[in-house]
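Asks: fold the stuff below for me.
(one chain, ligands or ions: 2)
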Amino acid sequence: MKDCKNLIIVILAAGKGKRMLSHTPKVLHKILDKPMIHYVLKEAYKLNPSRIYVVTGFGHEELENYLSTNYPMAIPVFQEEQLGTGHAVNMVKKYYAKDWDEVMVLPGDSPLIKSKTLENLYASQQSRDNSCSLVSSVTGNPAGYGRIVKNAKDEVVKIVEERDACEEEKKICEINSSIYCFRASVLFDYLKRLKTNNSQNEFYLTDIIEEMIKEGHRVSAFKAEDILEVFGVNDRLALSRVSKIMQKRINEELMMFSGVSMTDPDSAYIGDDVVISNDVTIHPNTFIFGKSIIESGCIIGPSVQLNDCHIGKNTIINSAVLTEAKLGENNNIGPFTYVRPGTTTDDKVKIGGFCEVKKTKVGKNSKIPHLTYIGDTDIGQNVNIGASSVTCNYNGYRKNKTVIGNNVFIGSDTMMVPPVEIGDGAIVAAGSVITENVPQDSLAIARGKQVNIDNGAVRFRAKKEKEKNEGAVK
Ligand code: UD1
Ligand code: MG
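Replies: Numbering: from 1, shown residues only. Ligands and ions are numbered 1, 2, ... in the order given. Presented below is the predicted three-dimensional model:
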């Protein structure tokens, strides 16, 4: 949409959300991997408004932190006491400038709203020259919402909150979404006069509608096509429902527009910022969050968690947890593998069962197949790390680095005690404890020498049998 130069957006997010029974501000409760308010801000920014204000209150420091990290352009406005939605909008008045044309108000607790609906609301406000346009919706279950009271000509007369509605009004199925576009000058004029004569003794934003209409202002309700868009989250049951809908929305988009296959979309949880290319298959019980990127042809899952990872083409990951890792193409990860931050792999790398890898570079065609811990290490190309090997990167005081060259073979159960370097082409014998550098093409053996005692086993058993018979086995 072209810039709405003089459009200001106010997002209401100060409420405690009593019904959430939580210490966390309601709008910071998560839907998939992002707080509820992320989804509202993201859609709001698509309108290119000149500014977005977020009214903060309960838990404001937490919300302000989130905003400054993720939406630094949004301006928090502190509402010390939550005296109602009208009072909340009025907090922004101190910034009011003559060049503000329209003020769009959005509740921070309706995360399913789409920018298209907001654009239509703005367009309808402009084309009708209204003082207020609002989004309503018709539902068979209006409980909990404010109702839009209309006259015989289908014109809005007022909005009545459920708690203040009479039996007749409660039967109305057209509900208030709490999404409005006001002419700025009119909005602040009416907010000034707002009273608290309602069941909650709050300054209801909804009350200015009736006053405006009585004094001849044009107000119209614009119905959202999909009731879900205006679904307000007031408790945890609603949060879980909205999460399910958001998951479905994201997954359907990936399947329909990105060519991603999902064996069971209900059990694939994919964050809003994740990018997945075509011909990727996602198997059940998989969580892909953060700014992860999955390139074409990958098979992810079952039972995989990826956070902020970049996965190269045709890589297979099964039953694994990966965080802040960058994998090359044709890697094979898992099952039961933990890849931690700072790990990068080249193409054709294998990290197999019960292996943990941290802050490590793995060269092309190298393998860490079984029961291994590798941390703070550079591994060259064509390296094989034998089962149960460990880089002992931490000596209790600091982390030290292990460097393994190209074409190195590390025998099973090798302990590498860094700082240590193993040169290109070297072989380390199984069971070694490597504390010194291994030169190029050397064979390192660092273990106790084996002694075979002739008939030793026979003599040992005879001794034990004798002790047993004398009742004195040691
Ligand atoms: C509100 C509307 C109702 C509408 C419903 C849609 C009013 C009086 N009622 O009711 O008509 O059907 O939304 O979801 O407006 N907030 C503040 N400061 C306050 C009070 C609230 O910032 O002092 C914020 C809340 O954090 C929330 C939003 O405003 O994000 C709406 O408040 P909430 O208490 O959820 O209102 P509802 O009862 O849902
Ligand atoms: Mg609400």
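Asks: can you give me the neighbour number for Ile374?
Replies: Counted by other Cβ atoms under 10 Å, the residues lying close to Ile374 total 25. For every residue, glycine as well, the C-beta is placed using N, CA and C.
Asks: in three-state terms, label it for me.
Replies: strand (DSSP: H, G, I helix; E, B strand; the rest coil).
Asks: touching, it and Cys355? I think so.
Replies: Yes: because the distance of 7.4 Å satisfies Cβ atoms under 8 Å, Ile374 is recorded as touching Cys355.
Asks: need the overlap of contacts for these two.
Replies: Ile368 (Cβ atoms under 8 Å, 6 or more residues apart in numbering).
Asks: just confirm Lys364 is within a strand.
Replies: No: counting by three-state DSSP, one finds Lys364 to be coil, located in no strand.
Asks: if I look at it, how far off is ligand 1?
Replies: Relative to ligand 1, Lys364 is positioned 52 Å away (Cβ to the nearest ligand atom, to the nearest Å).
Asks: hang on, that residue packs against Asn406?
Replies: No: the pair Lys364 / Asn406 is not scored as a contact, 9.2 Å apart, by Cβ under 8 Å.
Asks: which residues do these two both contact?
Replies: By Cβ under 8 Å, 6+ apart, Lys364 and Asn406 have these common neighbours: 381-382.
Asks: give me the pLDDT for Ser178.
Replies: pLDDT for Ser178: 96.
Asks: likewise for Cys4?
Replies: 59.
Asks: ok, the one residue in the chain that gets nearest to ligand 2 - how many residues close by?
Replies: Of all residues in the chain, the one sitting closest to ligand 2 is Gly232 (3.8 Å; Cβ to the ion). Neighbourhood size, Gly232 [other Cβ under 10 Å]: 18.
Asks: show me what contacts it?
Replies: Per Cβ under 8 Å, 6+ apart, neighbours of Gly232: 107, 109-110, 144-145, 177-178, 238.
Asks: tell me how far it lies from Ala165.
Replies: When distance is defined by Cβ to Cβ, to the nearest Å, Gly232 is 17 Å away from Ala165.
Asks: do Gly57 as well
Replies: Gly57 is 26 Å from Ala165, where distance means Cβ to Cβ.
Asks: more crowded one of the two?
Replies: Per other Cβ under 10 Å, whichever of Gly57 and Ala165 has more neighbours is Gly57, with 21 against 18.
Asks: now stretch 141-149: buried residues?
Replies: 142, 145-149 (16 or more other Cβ atoms under 10 Å).
Asks: with just CA atoms, put stretch 463-471 into PDB.
Replies: Coordinates of each C-alpha in stretch 463-471 appear next as PDB, following Å, rounded to 0.1, in the frame of the first residue of the first chain:
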ATOM      1  CA  LYS A 463      42.900 -68.300  42.500                       C
ATOM      2  CA  LYS A 464      39.300 -67.000  42.700                       C
ATOM      3  CA  GLU A 465      37.800 -70.500  42.800                       C
ATOM      4  CA  LYS A 466      40.000 -71.300  45.800                       C
ATOM      5  CA  GLU A 467      39.000 -68.100  47.600                       C
ATOM      6  CA  LYS A 468      35.400 -69.000  46.900                       C
ATOM      7  CA  ASN A 469      35.700 -72.400  48.400                       C
ATOM      8  CA  GLU A 470      37.400 -71.000  51.500                       C
ATOM      9  CA  GLY A 471      34.500 -68.500  51.700                       C
END
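Asks: wait, isn't Val433 in contact with Met415?
Replies: Yes: the pair Val433 / Met415 is scored as a contact, 4.5 Å apart, by Cβ under 8 Å.
Asks: list residues touching both of the two?
Replies: By Cβ under 8 Å, 6+ apart, no residue touches both Val433 and Met415.
Asks: the residue nearest to Asp376 when sequence neighbours are not counted: what's it in contact with?
Replies: Leaving aside its sequence neighbours, Asp376 sits nearest to Asn393 (Cβ to Cβ, 6 or more residues apart in numbering; 4.3 Å). Each residue near Asn393 by Cβ under 8 Å, 6+ apart is listed here: 375-377, 399-402, 418.
Asks: and the gap between the residue in the stretch 151-300 of the chain that ligand 1 sits nearest to and Val280?
Replies: Closest to ligand 1 within the stretch 151-300 of the chain is Gly232: 2.8 Å, counting by Cβ to the nearest ligand atom. According to Cβ to Cβ, Gly232 stands 34 Å off from Val280.
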